[in-house]
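# Sequence and computational prediction follow.
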Amino acid sequence: MKKIPLSRARDCLRKRVPLLGVALILYALYPGFSVSWAAEDEDGAQTVAPSARKKEPYRQSKLTRDEQEMKADQRSLLLTVGEQKTIDLDFAPPSDAEEKGRGILVGNPDLVLARTVRMGDQYQLLLIPKKAGDTKITMRDQFGTIQLVLNTKVTGSNLLRVAEEFKELLADIEGVQIRVVGQKVVIDGEILVPADYGRLLTVITDPSYTDLVLNLATVSPLGLQIIAKKIQEDVTGFAPNVTTRVVNGIIFLEGSVDNLEQRDRTAEVALLYIPELFPGPQLEKDPTVRRLAGRSLIKNFIRVNPAPPLGKDDRKLVRITVHFVELAKDYSR
């Protein structure tokens, strides 16, 4: 930093040179030049005033751009150990990609072996999975531009084939959804008929599928509503005032009948519609869950109408039927 003493400034004023002009001349000769004024006190010592510095403009780094990766072809890829994958490329990789593997970057080389193969004018990417895991594969062209990004998942078994087998075995069951998520084949949805749920369990509990499947399927509440409707239709013939509804997974029998025999018969008919085994809730797998007292799937709230009270004139009556026949002797005919 260069300083201009106050005495020199006075000399400049004496020579009729504006002090501002001197500062401009010095700034033009020395870019980034800052001026501070030194004033002399009574003892001749100089005191320095605060200086004014020029601020450098803000400049963004050029190394933070990721436009190439954003513009590249982004794909998700599922591989299985022991099964190789070949991908056709619509661009030319670097000339030494086949020998030295340049232009191909594998995030975790222990999971996938990647090589380029040239068949005439066609280039292909050969992927050989080694073990299960997740990694990213980046492919560049001969100019160094990123053209392909593969978000790769390697599984120990062919989950896609297992999912197709499930779809074939469970094709007749409505409401089942089958998809591959991570290292599992997930079975989800709501099944209407409890018997169909039993068939699903028979398939997924097979030893060859046990470690590969995650069962999230449940019995649909609509299934109980259909059963309740069937019960009401069946008992209407002898108990027309009985109704049914589903509350929190339980079928309520409500209404009124004329005697206990009709009430008991209605309950027996309803029990025949309930299967012997019924799937439990998913909460049962929680070790901290508290089970409430056992509850039946059917609750009988049917009322029996009381008999009418006997009045003073209410007596047993005996009905006698009498037929009258009139006989006449008329010989004039």
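Received it, and whenever you're ready, just let me know what you need.
# Tell me the buried residues in the helix or strand harbouring Ile137?
Secondary structure from DSSP states H and E places Ile137 in strand 133-140. Going by neighbour count (16 or more other C-beta atoms under 10 Å), the buried part of strand 133-140 is 133, 135, 137-140. Quick note: C-beta positions are derived from backbone N, CA and C, even for glycine.
# now do stretch 195-205
Within stretch 195-205, the residues scored as buried using 16+ other C-beta under 10 Å are 196-197, 200, 204.
# with these in mind, which one is nearest to Val325?
Relative to Val325, the closest of those is Asp196; by C-beta to C-beta it sits at 72.0 Å.
# Please name every helix or strand in contact with the helix or strand where the closest one lies.
Element membership for Asp196 (DSSP H and E) is helix 194-204. Packing partners of helix 194-204 (3 or more C-beta pairs under 8 Å, 6 or more residues apart in numbering; DSSP states H and E): helix 159-169, strand 184-191, strand 213-215.
# Report the rounded mean pLDDT for the shortest one.
This means strand 213-215. The pLDDT scores in strand 213-215 average 89.
# Buried residues, that strand. List them.
In strand 213-215, counting by 16+ other C-beta under 10 Å, buried: 213, 215.
# rewinding a little: which pair in the buried residues of strand 133-140 spans the largest distance?
Gly133 and Arg140 (23.1 Å).
# Which stretches in the stretch 1-150 of the chain count as helices?
For the stretch 1-150 of the chain, the helices defined by DSSP state H, counting those that start in this stretch cover 6-14, 19-29, 67-71, 97-100.
# re the thing from before, so which of the buried residues of stretch 195-205 is the closest to Arg303?
Tyr197 (34.6 Å).
# beta partners for the spatially closest residue to the closest one that is not a sequence neighbour?
Nearest residue to Tyr197, sequence neighbours excluded (C-beta to C-beta, 6 or more residues apart in numbering): Ile191, at 4.7 Å. Counting by DSSP bridges, Ile191 is bridged to Val219.
# Let me see the contact set for the closest residue to Arg199 other than its chain neighbours.
Distances taken as C-beta to C-beta, 6+ apart place Ile173 nearest to Arg199, at 6.6 Å, with adjacent residues excluded. The contact partners of Ile173, by C-beta atoms under 8 Å, 6 or more residues apart in numbering, come to 191, 196, 199-200.
# Name the nearest of those residues relative to Tyr123.
Leu200 (45.6 Å).
# so that closest one makes contact with Glu174?
No: Leu200 lies out of contact with Glu174 (C-beta atoms under 8 Å); the separation is 11.4 Å.
# got any residues that touch both of these two?
Common neighbours of Leu200 and Glu174 (criterion: C-beta under 8 Å, 6+ apart): Ile191.
# Now do Thr321: how many residues are near it, please.
Thr321 has 4 neighbouring residues, counting by other C-beta atoms under 10 Å.
# That one: what secondary structure?
In three-state terms, and counting by DSSP: H, G, I helix; E, B strand; the rest coil, Thr321 is coil.
# and it, what is it in contact with?
Contacts for Thr321 (C-beta under 8 Å, 6+ apart) come out as none.
# Output the longest strand belonging to this structure.
Ranked by residue count, the top strand of the chain under DSSP state E comes out as strand 146-155.
# do you know how far Asp110 is from Gly133?
8 Å (C-beta to C-beta, to the nearest Å).
# where does the stretch 101-250 of the chain have low pLDDT?
Along the stretch 101-250 of the chain, segments meeting pLDDT under 70 span 101.
# Run through the bridge partners of Phe301.
Glu254.
# ok, now which ones touch it?
Shown in contact with Phe301 (C-beta under 8 Å, 6+ apart): 252-254.
# wait, which of the residues you listed is closest to Arg115?
Among the contacts of Phe301, Phe252 lies closest to Arg115 (C-beta to C-beta), at 67.5 Å.
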